[in-house]
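Student: need a structure here:
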Amino acid sequence: MKKRFFGTDGIRGKTGEHPITPDFFVKLAYATGLVLTKHHKSKNNPSVVIGKDTRISGYMFESALEAGFSAAGVDTYLTGPIPTPGIAYLTQKLDADIGVSITASHNPFGDNGIKIFTKNGTKLSEETEIEIEQLLDEALVLVTTAKLGKARRLDDAYDRYIRFCLNTVSNELDFKHYKIVIDCANGATYHVAPKIFRSLGAKIITINNSPDGLNINEAAGSDHPESLVQAVKKNQANLGIAFDGDGDRILVVNNDGSIIDGDQILFIILNYFQQQQKLKGGLVGTLMTNLALEEKCAEMNISFYRAKVGDRYVAEALREKEWVIGGENSGHIVLLNYHSTGDGIISALQLLSALEVNKMSLSEALANFSLYPQQLINIPIKEKLDLDSQIIKDLVKEAEMIMEGKGRVLIRPSGTQPLLRIMTEGPEKLLVVKAANYLAKAIN
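Tutor: Residues are numbered from 1 along each chain as shown. Predicted coordinates:
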């Protein structure tokens, strides 16, 4: 069956427009409760951990989810604003059946959505998502009154997650000589990230760290690094770290203001894991991963695999292959030897650990690794295009000819927004840009 609501990473859209409405969230929670607790064996009610980012609409959807889960006989733990990977961790730690994060990630405050985790802290399989969607049209039949779910606030949620993140760093490492600017995107990391990095001894300067419900991701965070670049230069910091709204991915800024993307972060951590004998198997990238990283893996005699775009597909491939490291150039980094899902804070901690162990700056760590130029253009679309049509295939061939046969073309629909993403890549930047512009104009 074809999914109606679930995309690459949960469900997302504009608040107030179907399906991002309170009534839909009640039904979604009810259906999710039925599907993910059907194997619950304890005499006690099954349970769900519910967290959120800092959007003003999160309060409304939190209440709606609580009602839907209660109707299905599921108890709820409410954490308040916390990074999405914190929900994945707490779901496992509390032996809950379900984890739910209310978030639209890097989208503006007017959007919202939901990410759901299994009891193992993993994203849902597509089969489970379809099973949940099949129940959405069914009548909502409450459990008996005595079995209705109860709700309580989890007052120590932040402290538990902070300790978990800190435990991924060796006690022997000292970060006191680092000056780091942290951009919290006015999002879910605002009260945990600064505490974590300060407790490791680093001198921390925070920006975009005063959420008001309306300013999440506004000219801030991993999608808008301009203010971070300025702050790193102004404060003469060693580096800057930007999180997205729900804290599951990062972008890094070097001391000279240059931007370090997910592929470069992966390269540094991959080297570190190999050096520390933490590497198991190879590296999982995606269709968007820079060709230079794939070539570097071959040079290092490390296996490389491209999954579909989306950190869930990266994590699925890692588990299937029993590997431990993968990610996307957007900054989703999955390190299964530390967490079940992508975690921006843990990724940053491993990056810093790699630099500290080797006494290297970012520039030194990347001295022998250069990315090929890429050009990404997003085109708004109202309906799906047939990307297997002969017209599209011919356009791709023409774009490859523009790059003189030395480049790569990828056209794909966004899994989270009504956009068509066009990406070109190759050794010659001018030709890469020319090919992308040609495709965008032709498809438009």
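
Student: all helices of this structure, in order?
Tutor: 22-36, 58-71, 84-93, 126-135, 157-166, 193-199, 226-234, 262-275, 291-299, 311-321, 344-358, 362-365, 390-402, 429-443 (DSSP state H).

Student: wait, N235 sits on K203?
Tutor: No: contact criterion C-beta atoms under 8 Å: N235 and K203 do not qualify, at 9.2 Å. Heads up, the C-betas are built off the backbone N, CA and C, glycines and all.

Student: and for these two, which residues touch both?
Tutor: K179 (C-beta atoms under 8 Å, 6 or more residues apart in numbering).

Student: test my guess that Y272 contacts S353.
Tutor: Yes: using C-beta under 8 Å, Y272 is in contact with S353, at 6.8 Å.

Student: what average pLDDT does stretch 225-232 get?
Tutor: Across stretch 225-232, pLDDT averages out at 98.

Student: contact partners for I114?
Tutor: By C-beta under 8 Å, 6+ apart, the contact set of I114 is 10-12, 25, 28, 61, 65, 100-103.

Student: point out where the protein drops to low pLDDT.
Tutor: The model of the chain has pLDDT under 70 over residues 416.

Student: same thing but at 90, please
Tutor: Applying pLDDT under 90 to the chain picks out residues 1-2, 8, 39, 41-43, 309, 381-388, 406-407, 412-419, 443-444.

Student: hang on, I325 packs against L283?
Tutor: Yes: in this structure, I325 is within contact of L283 by C-beta under 8 Å, at 5.8 Å.

Student: list residues touching both of these two?
Tutor: Taking C-beta under 8 Å, 6+ apart as the criterion, I325 and L283 both touch 266, 270.

Student: what is the neighbour count of the nearest residue to A72 once chain neighbours are set aside?
Tutor: Computed as C-beta to C-beta, 6 or more residues apart in numbering, the closest residue to A72 that is not its neighbour in sequence is G33, at 3.2 Å. By other C-beta atoms under 10 Å, the residues close to G33 number 29.

Student: how close does G33 get to V192?
Tutor: 28 Å (C-beta to C-beta, to the nearest Å).

Student: again, but for R198
Tutor: For R198 relative to V192 (C-beta to C-beta), the value is 11 Å.

Student: stretch 267-281: how far from the chain's middle?
Tutor: Here the centre of mass of C-alpha atoms in stretch 267-281, compared against the chain's by C-alpha atoms, centre = their mean, to the nearest Å, lies 21 Å away.

Student: which outside residues touch it?
Tutor: 283, 293, 296-297, 300, 302-303, 321-325, 333, 335, 337, 347, 350-351, 353-355, 357-358, 362, 365-366, 369.

Student: could you list the buried residues of it?
Tutor: Residues 267-273, 279 are the ones in stretch 267-281 that count as buried (16 or more other C-beta atoms under 10 Å).

Student: quick check: of those residues, which lies closest to S414?
Tutor: Distance to S414 across the buried residues of stretch 267-281 (C-beta to C-beta) is lowest for F267, with 25.5 Å.

Student: okay, that closest one and A29: tell me how far apart.
Tutor: Distance of F267 to A29, given as C-beta to C-beta: 40 Å.

Student: same deal with L410?
Tutor: 36 Å.

Student: between these two, which has more neighbouring residues?
Tutor: A29 (30 against 16).

Student: who are the contact partners of that one?
Tutor: Residues near A29 by C-beta under 8 Å, 6+ apart: 48, 64-69, 71-72, 74, 100.

Student: return the member of the residues you listed nearest to K397.
Tutor: Relative to K397, the closest of the contacts of A29 is V100; by C-beta to C-beta it sits at 44.6 Å.

Student: quick one: that closest one and F117 touch, right?
Tutor: Yes: with contact defined as C-beta under 8 Å, V100 reaches F117; the gap is 7.4 Å.

Student: overlap in contacts, these two.
Tutor: I87.

Student: how close does the spatially closest residue to H339 that is not a sequence neighbour get to I216?
Tutor: Distances taken as C-beta to C-beta, 6+ apart place I346 nearest to H339, at 5.7 Å, with adjacent residues excluded. Between I346 and I216 the computed distance is 21 Å (C-beta to C-beta).

Student: of these two, who's got more company?
Tutor: I216 (33 against 27).

Student: okay, now D23: neighbour count?
Tutor: Neighbours of D23 (other C-beta under 10 Å): 11.

Student: excluding its backbone neighbours, what's nearest it?
Tutor: Distances taken as C-beta to C-beta, 6+ apart place A64 nearest to D23, at 7.5 Å, with adjacent residues excluded.

Student: what's the straight distance from one end of stretch 75-91 to the other?
Tutor: 13 Å (C-alpha to C-alpha, to the nearest Å).

Student: what do you get for stretch 209-218?
Tutor: Stretch 209-218 has an end-to-end distance of 11 Å (C-alpha to C-alpha).

Student: return the distance of it from the chain's centre.
Tutor: With C-alpha atoms, centre = their mean, you get 18 Å for stretch 209-218.

Student: surely S361 is in contact with N255?
Tutor: Yes: assessed by C-beta under 8 Å, S361 is found in contact with N255 at 7.1 Å.

Student: list residues touching both of those two?
Tutor: N238.

Student: could you measure from P211 over to G10?
Tutor: In this structure, P211 and G10 are 21 Å apart, going by C-beta to C-beta.
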